[in-house]
Structures are given as structure tokens and as C-alpha cells.
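Chemist: Kindly generate the corresponding structure for this input.
(2 chains)
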Amino acid sequence: MTLSLVLQALFAGVTNGIVYALVGMGLSAIFKGSRVINAMQGEFAVIGAMTTVLLLTKAGWPYPAAIAGGAISGALVGAFIEVAFVRFMARKNASEDSFLLLTIGLALTLSASVLFFIGRDGHLLPPLGGEGVLIILDAVIQFHALWLIAIGIGATLALRAFYHRTTVGLSMMAASIDADGAATTGINVGRMRTFTFVLGGLLGALGGILVTPLIGVDYQLGLNLTLKGFAAAVLGGLTNPLGAAVGGLTLGLVESLAIIGISSSYKDVVAFSVLIVIMILMPQGILGRAGRRGG
Amino acid sequence: MSLSSLISKLAGATALVGLSALGVQAQTSGEPVKIGAIVSVTGAGAGLGVPERNGLLLAEKDINAKGGIKGRPIKFIIEDDASNPDTALSKANDLIFGQKVQALLGPSLTASTVAVGGVTHANKIPQIAFTGIGPAVERERKCVAHVLPPQRLNATALLEYAKSINANKIGVLHDAGYGNVVMAELRPLADKYGVKLVAVEKFEIGATDTTTQAAKVKASQPDAVFIIATSATPFRNVKQIQITQPVVAAIGSSSYEYVNAMGPAADNIVIPEFVVGEDPLPHQKAFVELYKQTYNSTPKNYEAAAWDAAHIIAAALNKAGADATGEKLCEAMKAPYSGVLANYDFSADDMTGIPISSFIFSKLVGGKYTRTPFRVTQ
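Modeler: Next up is the predicted model:
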């Protein structure tokens, strides 16, 4: 095993880890704010990426505007799902499993809609920073992957600031910790839950848009991302979006180091064994209880 | 409505009208000869099943325009197995016992083929599968033929090309499904060809990133890289980490769907396959032209395979008679057949008889298929 191979594995691990983190953060933001396990989080990524593709190629928007459009589409779909389904079901005191079933159904429906309306083909987006690459010790990383990592870290810090520094963020936290208490202080709990879905949709869409230049997007991508994002979120502590960031990075790194350390045939066995051990030793997630107060 | 579904509706309407003596098709009349077909139009195998359905519908028109089965129209009853072997099995039961079809074409996927073969074999219904099947099934089921090469042949074609460019050290990237099956055949053959597999890296089906596996292949300093997968991901990753060695890919990645998804990575990749629609062989031209006119797109291997299967069963019916028993049809089928895809010989032990010389070697250049002059003689 050479240094260059280790470095290449680290590059791949961090890049994938940030993608898992973005999906996981959205998932855990929604869980934190609504107690809904969102099995369609990966679909937000598909919606964001596909909208960006369509705005760029069919509507001829400039790339930055298309990216903004894609991100907003994720947020809007998030809001729509809360208003059209979750709110309605919450009013009737739906159980957590009903919500899970709802989001699984939505995931399948959205995936099928993309297949029906847009087709089977995979689509790519132009990489940020062009096709250029950075080469360190023979290990290669695209400029786009560096952008992805930078934007991912930026989004994580922004999310933390949002929850800690802004009135809306603090209100969302209050509403999620104690809905009745928050309501008595004048916080509109229902609206906070809508915001939660907007935030989840936005994060998911951002992850999808950022990853598309590297892996392409098609109608099947959603489920795959949801599974990895869910693992990231659980690993970090499901109610803590910042934990999901740590969880995502851990998952990405363990996966890629398992390939060079042991064998690609046993990649998932090794990666998920490590995750099981982490969950046994730290059942509250990597950030534990301390982390829960934050994020 | 897509063109294919329109054609499917029209074909259905034609068959109905055909029943009522007011035959729209001048050449054929009487009760249609019913042939069942199971393809994966939805689910993971749709990349195969959709082109196969197009090939079948085109063949149906072609066969009927040329007089059908001794003057009677042929009718393909096409069912979707949703890429699921259980569904394939129940559709096969319905086609055989409900619709009373005389033969069965398909399915698109190996697992479904094995499942359906249990029913066709037991009931002596001839079947022509759109998969490579495998030696274990080929030995037992002597009336389940197939129109795509067995995996051993795919592996041989990869090695023949490697030999032609003097590549002795090969790195392999393969997926855990199709790739595993081909690898099982490739490993023992590699020795015979004097080829050393310096790195064999696996990734799961549907993996979105295989960069680290590709890096291991790169670190082993191979002379050439084989990619055996049904996905565009490894091709992009290989280019992303700047592997400059020649890339040779198995036929599984040859569809336009995957090539489009490769983006700029679809360059300088050689694929042993059968049909390059952009530059067809002389005997493929008529099919390619007809396909382009009908569907406004270029056909590849799976369209041609289904077209061939349809014509093979039609030829057997014309030989044995439209009402021949399954056993008679089977006997009639066991003969050489020169198809669009390959020169088959269904009396061969592997139930397909495709020779290595039927392979052509295409090369992707800037996302476009070109045909290389390289061929393997028997």
C-alpha cells in the first residue's frame, strides 16, 4: 500500500463523506423538527439535480441561476410535502410509522415520476472549476470535488449558525424540543415544521446538485443516497444535524479505507461492521448527548 | 404516447382485425400464431428490456409483411416481468397455460431465465432467452436456446483483444452481479492466455463511486484495464483518476444509456460486441436501416438479439408447421442460423453456438461508436 493510494482513498472518502453528510444533515434536520424519518431525503437530491439539469440544458439558464433554481425546487417540494401531507396527518395524530410509510411512498412516487417525465437516462452537470484536477503524490482530486468539500463544510457551519444565532433557528429548536412550551411563548409550531422541511429539501437538493458532476443523476439515485444519508445521520445521532456531518465523513472514510486496507470484496462488510461497533460503543451517536444540545 | 407503445397498440389492433377475416395485412390471414415474450420493461433490467421489446415489435411487422407463418400472422404477446424472477414465472405460466403460446422468447435477465426455464423445459415449450445463461442450465435444458453470448465467450473476447495489444498485466474493475459471473469464467481463461490479473477490484451494483477501487487498479500498474459492469460509474472514475492505459469493457456497458451517462469519459474505450449501428456490417445494414426509420434511433445488441430470436422462432415454425408440437419446434430450431447479431448454431452444446468470430470490436471516440478493424478468426 503506497502513500499515494492512501491519499487517493482519503480524497474519495472525504468527497463521498460530504455527500453523505449533506443528505444526512437534511434527514436529521427533518427528524429533529418533526419526528418524521424522511425516507425520501435522497429524492430531494434527485429533484434538485434534475431541476438544475433541466434549467441549464432546456431553459438555457446560466449555471449559477440554474443551481439556485435547483436548490429552491428542493426547498419548495419540501414545503409542499409538509403542507400537503405531513400537516394533515399530524393533525390526526398520525404515528411515526405512518409518517415513515408516507415518505417511503413519496420516494417511490417521485422516482417513478422522474422516470416517466424525464426518462431513464443519466445526466451530468458541468463541474465547478472546470475539468481541472489537483495532483498530490500521484493522487488525483478534481477541482469540483474540492468545491464540493468546501461548500459542504460551509453549509455545515451555516447550519450551525442558523440553529444558534437566528430567531427562526432558535424557534425551530424550541418547537422540536418542546412543542407545547414553544407554542405558549408564541412560536408557530406548525410553521416551524414547514421550515424544517424547507431546510431538509434545501440541504438534500444542494447535495444532489453538488454530486451530479461527479456521479451523474438518474431516477434511481435517490434510494442509494437515502440509505447512505440515513446511516450517516444515525451514526452522528439522529436528532443532531451536525452529528450527521461527522457521521457522513466517518462513513465515507471507513468505506474507502476498507477498500485499500482489506479488499474491495469486503468493503461493505468492513464498513458496516465498524458502524455496528460504533453504535454499540456510542449508542447516542458519535457526538453523543453533548452534541445533542448543539446543532 | 411513445412510439413503441403506439406500435404495440397498432400491433394489437391488427391482430384483432386479423381475426375477423377483414385482415389489414394483405399477406397473412387466419388465426394468428401466438408466441409469448417476457422482457424487463421496468425495473433494473429496463435498459435491456426496452430495446428488446422494440426489436420484437419490429420483427413482428417484418415477419408478417413477408407472409407470416405459412400465410398466418405471427403475434408476439409481450409481457413485462418488472425485472423480477417471480413475476417472470407467473407471466410464463399465464402465457403457456392461459394464452397457449407455442414458444416463449426472453426473459431479459439471467435469474428470470433460469426461473422460466423450469416451466418451459417441463412442458416442452421451446424458449429463446435474451441472456447468456450458463453451462449448468445449458446441460440440462435442451430446448432453452439463447441469442446472447455465454459469459465464457465474453471473457474470451476481452482476453483476445488484450492479447492483440500485447497487454499481459490486466487490472479488472467489476460489479458484484454481471461482473462476478463474467469474472468466474475469466479467471481460469486468463492463465491460458498468459495474462496476469494484477488487480481485481469489485464494487456493488449501483455504486455511485468506485474511485478507490480504480486507484488500486492504477497502483498495480496494469498494461490494460477491463471494466465488467452494467453502469457508467467505473468508466468516469477511471478517467477521473487519470488511468491512461487502454480500457476494454464487456458488452454489458455497451448501451447508449450508459455511454451517454459516461459523459466525456466515453472516449478510447474498446468493447467486444456485435452491432455498431453507426457503421453496421453488410448483413446488418437492412435491419439497422429499418430500425432507424421506425424508431428514429440507432439500434445496438439487444434490439438485434430480440429481432434474431423472433426470426429464429418464425423460421422454425415455417419449417415444422404452424401447429407443430413443442418437441417438433425444438428439433426444427436445432440448426445453424445466420442472424443480424451473430451466426448461431442451436445444435451446439452451449445452446447458442455463437462463434468468437461473430464479435466485432467497437471503440468509443468522443462519445461516439466506431468499428475497429480487429476481428478474431475462429
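Chemist: With the flanking residues excluded, which residue is spatially nearest to residue 34?
Modeler: Using chain A. Residue nearest to A:S34 in three dimensions, not counting chain neighbours: A:R193, with 4.9 Å by C-beta to C-beta, 6 or more residues apart in numbering or on different chains. For the C-beta atoms, the positions are set from N, CA and C on the backbone; glycine is no exception.
Chemist: The chain in question should be chain B.
Modeler: B:V101 (4.7 Å).
Chemist: ok, now B:S83?
Modeler: Using C-beta to C-beta, 6+ apart, the closest residue to B:S83 is B:G43 (2.9 Å).
Chemist: how deep is the residue in the stretch 101-250 of chain A positioned nearest to chain B tucked in, by neighbour count?
Modeler: The nearest approach of the stretch 101-250 of chain A to chain B comes at A:G122, 3.3 Å away (C-beta to the nearest C-beta). Counted with other C-beta atoms under 10 Å in any protein chain shown, the neighbours of A:G122 add up to 23.
Chemist: my guess is A:D218 meets A:V53, correct?
Modeler: No - between A:D218 and A:V53 there is no contact under C-beta atoms under 8 Å: 10.4 Å.
Chemist: Overlap in contacts, the two.
Modeler: Here A:D218 and A:V53 share the contacting residues A:H123, scored by C-beta atoms under 8 Å, 6 or more residues apart in numbering or on different chains.
Chemist: looking at this, the residue nearest to B:S83 is in a helix?
Modeler: No - with DSSP: H, G, I helix; E, B strand; the rest coil as the criterion, B:G43 is located in coil rather than a helix.
Chemist: Can you get me a residue count around it?
Modeler: 16.
Chemist: what's the answer for the one 4 residues further on, then?
Modeler: The number of residues packed around B:G47, counting by other C-beta under 10 Å, is 20.
Chemist: related to what we said a few turns ago, could you check how far the residue nearest to B:S83 is from B:F287?
Modeler: As judged by C-beta to C-beta, to the nearest Å, B:G43 and B:F287 stand 27 Å apart.
Chemist: got it, and B:D349?
Modeler: Counting by C-beta to C-beta, the separation of B:D349 from B:F287 is 28 Å.
Chemist: ok, these two, which is more surrounded?
Modeler: B:F287 (25 against 10).
Chemist: wait, the more buried one sits on B:A306?
Modeler: No - using C-beta under 8 Å, B:F287 is not in contact with B:A306; the gap is 11.1 Å.
Chemist: Show me what the lengthiest helix in chain A packs onto, helices and strands only.
Modeler: If you go by DSSP state H, chain A has its longest helix at helix A:3-34. Here helix A:3-34 touches helix A:41-57, strand A:139-142, helix A:143-165, helix A:167-177, helix A:189-215, helix A:221-236, helix A:241-261, helix B:211-219, going by 3 or more C-beta pairs under 8 Å, 6 or more residues apart in numbering or on different chains; DSSP states H and E.
Chemist: nearest to B:V119, of the ones you listed?
Modeler: The minimum distance between B:V119 and these falls on helix A:221-236, with 31.7 Å, by C-beta to C-beta.
Chemist: That closest one relative to helix A:3-34, how many degrees between them?
Modeler: Interaxial angle, helix A:221-236 versus helix A:3-34 (axes from the mean of the first three to the mean of the last three C-alpha atoms, to 10 degrees): 90 degrees.
Chemist: average model confidence for helix A:221-236?
Modeler: Helix A:221-236 shows a mean pLDDT of 91 in the predicted model.
Chemist: Around chain B, pick out the residues from the stretch 1-150 of chain A.
Modeler: A:2, A:4-5, A:8-9, A:11-13, A:15-16, A:120-124, A:131, A:133, A:135, A:139-140, A:142 (C-beta under 8 Å from any C-beta of the partner chain).
Chemist: now the residues you listed: which count as buried?
Modeler: Buried residues within the residues of the stretch 1-150 of chain A next to chain B, defined by neighbour count using 16 or more other C-beta atoms under 10 Å in any protein chain shown: A:4-5, A:8-9, A:11-13, A:15-16, A:122-124, A:133, A:139-140, A:142.
Chemist: Which one among those residues sits at the bottom for pLDDT?
Modeler: Ranking those by pLDDT, A:G122 lands last with 85.
Chemist: Show the pLDDT at the residue nearest to that residue when sequence neighbours are not counted.
Modeler: Closest residue to A:G122 apart from its sequence neighbours, by C-beta to C-beta, 6+ apart: B:A261 at 3.3 Å. The model reports B:A261 with a pLDDT of 87.
Chemist: Which SSE is immediately downstream of the helix or strand hosting B:A261?
Modeler: Element membership for B:A261 (DSSP states H and E) is helix B:256-262. Downstream of helix B:256-262, the next assigned helix or strand under DSSP H and E is strand B:269-273.
Chemist: what helices or strands is the next helix or strand after that following strand leaning on?
Modeler: The helix or strand immediately downstream of strand B:269-273 is helix B:285-295, counting by DSSP H and E. Contacts defined by 3+ C-beta pairs under 8 Å, 6+ apart place helix B:285-295 against helix B:3-19, helix B:46-65, helix B:301-320.
Chemist: For helix B:285-295, list every residue counted as buried.
Modeler: B:F287, B:V288, B:L290, B:Y291, B:T294, B:Y295.
Chemist: pLDDT added to these, as CSV?
Modeler: As requested, the buried residues of helix B:285-295 are exported to CSV (pLDDT from 0 to 100):
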residue, pLDDT
B:F287, 97
B:V288, 97
B:L290, 96
B:Y291, 97
B:T294, 95
B:Y295, 95
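Chemist: Closest one of those to A:L199?
Modeler: For the buried residues of helix B:285-295, the nearest to A:L199 is B:Y295 (44.8 Å; C-beta to C-beta).
Chemist: Lovely, talk soon.
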